[in-house]
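# I would like the atomic coordinates for the input below:
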Amino acid sequence: MENQYPRTLEEFEQEFSTEENCRDYLFSIRWPHGFICPKCGNDKYWRVRTVLMECTKCHHQVSVVAGTIFQDTRKPLAMWFRAIWWVTAQKNGASALGLQKILGLGSYQTAWAWLHKLRTAMIRPGRDDLSGCVEVDETYIGGAKAGKKGRGSENKILVAVAVEMKDNRIGRIRLGIVDDASSSSLHGFVQDCVQKGSTIRTDGWSGYKGIESLGYVHEVIKIKGQDLAASELLPNVHLIISLLKRWILGTHQGSVSRKHYGYYLDEFTFRFNRRTSTSRGKLFYRLLENAVCIKPTTYGDLTERSEN
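A predicted model of the protein is given here:
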């Protein structure tokens, strides 16, 4: 199944012109080695009314979209596929208004919900942690002026940023909203996304003190007698911070709800970590691959998601 994805819009339109083709493609992604009953693990089934598979052993019935972000959708899979192709084809990010127009959806709310559902699928369950040398810092986003470490603002969100360095080049990144710049928050962020044994490179902020006790090597970048800007001490993580702020302002004109900032951080991470992909079709495949692993999300779930 690997590498079997459309390379061009023409190939996409040919391959996914029917619901049957879309279902078959999802089947091959969800069960790449053949059907496995989600209830008993049996590998034999028969078709029921075209869209259902019934286990020959326990008789559990399941559809290819059950338990995925497509569950309970009233729209054709072909329309979802077009949405995913369009979203992954956008170099700088996607907007709900753009999705509404391209699909001809009657409701902006529907386009907004679809886009956020796809953003939830941009983070692969069980993804590998960053490793090696990792630069870490944090920044306020959303306010008119930059905030100071340890201080907050109701109009600002504190985002922790981790950047993996590979052969002196930026590798993968992780972003996360943190409550504050305390040791508890920053240590928790590092533990969530960086493999133990890695080198954590930070500035001299007190919130990172003691991180070596958690199984990391802590490298503090601080030159005595010189007043260097944060961007000079940690140039790679601050490049990502700059790109993130520019992306939010350019793609969403800065109008991102505080409550939903996490979704946009997920999208930025997905796009940045796949920036070297030579094929938009591969991004389409990766997002579909994640989508069948993500539990169904309702509109209520999306609107109630907290910053953390």
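
# and the nearest residue to Pro76 once chain neighbours are set aside, how far is that from Ile29?
Nearest non-adjacent residue to Pro76, counting by CB to CB, 6 or more residues apart in numbering: Glu19, 5.8 Å away. From N, CA and C alone the C-beta is placed, and that goes for glycine too. According to CB to CB, to the nearest Å, Glu19 and Ile29 sit 16 Å apart.

# which of the two has more neighbours?
Taking other CB atoms under 10 Å, Glu19 and Ile29 do not tie; Ile29 has more neighbours (20 against 15).

# ok, the more buried one - contacts?
Ile29 makes contacts with 1, 285, 288-289, 292, as judged by CB atoms under 8 Å, 6 or more residues apart in numbering.

# in what helix or strand does Trp46 lie?
strand 45-48 (DSSP states H and E).

# partners of that strand, with directions?
strand 52-55 (antiparallel) (DSSP bridges).

# how distant is the strand it pairs with from the center of its chain?
How far strand 52-55 lies from its chain's middle: 31 Å, per CA atoms, centre = their mean, to the nearest Å.

# again, but for stretch 64-78
With CA atoms, centre = their mean, you get 20 Å for stretch 64-78.

# list the buried residues in it.
Neighbour-count burial for stretch 64-78 flags 64-65, 67-70, 77-78 (criterion: 16 or more other CB atoms under 10 Å).

# what does stretch 132-142 give?
Result for stretch 132-142 [16+ other CB under 10 Å]: buried residues 133-142.

# next one: stretch 233-249
Going by 16+ other CB under 10 Å, stretch 233-249 has these buried residues: 233-234, 236-238, 240-241, 244-245, 247-248.

# got TSV for those residues, with distance to Lys117 and pLDDT too?
Output for the buried residues of stretch 233-249, formatted as TSV (distance: CB to CB, whole Å; pLDDT from 0 to 100):
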residue	distance to Lys117	pLDDT
Leu233	39	81
Leu234	34	91
Asn236	32	95
Val237	30	95
His238	32	93
Ile240	26	96
Ile241	27	95
Leu244	22	92
Lys245	25	90
Trp247	21	87
Ile248	20	83
